[in-house]
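Trainee: coords please:
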Amino acid sequence: LVFRCCAEPAIAALRPLAALVDPESAPYLYYMMNQQQEIMVFAIGAGVGVAAVIGTLKFLYSISLKILIAATLAPTVAAACYMQWGNRHLQPLMGVAWDCGGVTTGPVTVPVLLSLGVGVMQAQKQKKMAQAVLENAALKQGEGNTLEGFGIVTLASL
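Mentor: Numbers count the residues shown, from 1 in each chain. The predicted model follows:
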């Protein structure tokens, strides 16, 4: 997933914008966009990868998506508040930080994340069906909605 993020159009669109950043008014943003671009792309990809792992664990252990959203959104909002009001030098970085979340809704990453989610849900459904056969119990066909694969995209966006 880290390398897929490099191919995202949203990441490619950031590269030419780096030359437009004024180093006097936004030194951290200038440094990040011009001298640390590869690290930024790697961090975005690593974040998507961690979210995919968490999303997979959500399916395997039947964790509520609401709990995971709250657990990931709270520190994200806290960091955004700190960037806005806690350190004036970090204010210019906040727009880029939130825009980098758009990578997860791009045409390269979404199919991979959805395929992962649907595959894990199908595997879980088959596992439940096999357990039901072993226990001589009937399992309803509608159980284990494959649309829950969208939870991985949701978590990656946060």
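
Trainee: count the residues that sit near residue 74.
Mentor: Other residues within reach of residue 74 by the criterion other Cβ atoms under 10 Å amount to 11. Every C-beta, even on glycine, is put in place using the N, C-alpha and C of the backbone.

Trainee: pull out the buried positions in the strand or helix carrying it.
Mentor: Residue 74 belongs to helix 65-81 when assigned by DSSP states H and E. If you call a residue buried by 16 or more other Cβ atoms under 10 Å, then helix 65-81 has these buried ones: 68, 72.

Trainee: now do it: which elements does it pack against?
Mentor: Where contact means 3 or more Cβ pairs under 8 Å, 6 or more residues apart in numbering; DSSP states H and E, helix 65-81 is packed against helix 37-61, helix 91-100, helix 150-157.

Trainee: packed most tightly, which of those would that be?
Mentor: Stretch with highest mean neighbour count among those: helix 150-157 (a mean of 22; mean count of other Cβ atoms under 10 Å).

Trainee: hmm, back to that, could you dump the helices and strands packed on helix 65-81 into a markdown table and include mean pLDDT and distance to residue 129?
Mentor: Shown next, in a markdown table, are the helices and strands packed on helix 65-81 (pLDDT from 0 to 100; distance: least, Cβ to Cβ, whole Å):
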| stretch | mean pLDDT | distance to residue 129 |
| --- | --- | --- |
| helix 37-61 | 86 | 15 |
| helix 91-100 | 88 | 40 |
| helix 150-157 | 67 | 21 |
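
Trainee: fine by me, thanks again.
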